[in-house]
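sequence unknown, structure follows:
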């Protein structure tokens with residue numbers, strides 16, 4: 001009887017271990033994609049203060065490190081030289097991670113229900129516009145101009 005219980009427990013643990021292993025793998029890939037952009041993402045409060053001081057809007061990337069669509073956006077779009085140039089010249093860049101403590105308030109304030117979501121805010125945090133998530137760097141740059 002005890003041996004059967006142990007077998008069932010081991011079998012039940014396999015999907016749990018698989019899930020957490022998969023999540024850790026996706027998170028690692030997401031972190032690599034963010035790092036590969038070579039962009040300086042600031043916390044939202046610091047980005048807002050800097051934007052206000054510089055008279056620039058804030059470009060906010062709301063995403064999750066383990067999200068495959070977010071990773072594709074970072075790897076395919078945010079690594080493009082023209083995209084990086086448009087972002088760094090015209091905006092103060094911020095990233096809010098879905099897993100961060102500020103995410104729930106951010107989601108409520110800006111009516112965000114998923115990710116990735118790209119917003120442009122003024123220095124006071126007022127929503128100026130939402131950007132479409134497109135994976136073509138040329139189309140993405142057109143939205144920024």
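Received, thanks. Quick caveat: nothing in here was measured; it's all calculated off a predicted structure.

tell me which element residue 39 falls in.
In the assignment (DSSP states H and E), residue 39 maps to no helix and no strand.

And the one 10 residues further on, by the same measure?
With elements taken from DSSP H and E, the one containing residue 49 is helix 44-54.

Report the beta-bridge partners for the most centrally placed residue in the chain.
Geometric centre of the chain, nearest residue: residue 63, 2.3 Å, by Cα atoms, centre = their mean. Legend: beta-bridge partners of residue 63 under DSSP bridges are residue 97.

which residues does residue 72 contact?
The neighbours of residue 72, taking Cβ atoms under 8 Å, 6 or more residues apart in numbering as the test, are residue 135. Using the backbone N, CA and C atoms, a C-beta is placed for each residue, glycine as well.

Let me see the ranges of the helices in the chain.
2-36, 44-54, 68-76, 81-90, 103-109, 137-144 (DSSP state H).

Least confident of those, on average?
Ranked by mean pLDDT, the helices of the chain end with helix 2-36 in last place, scoring a mean of 67.

Perfect, that will be all.
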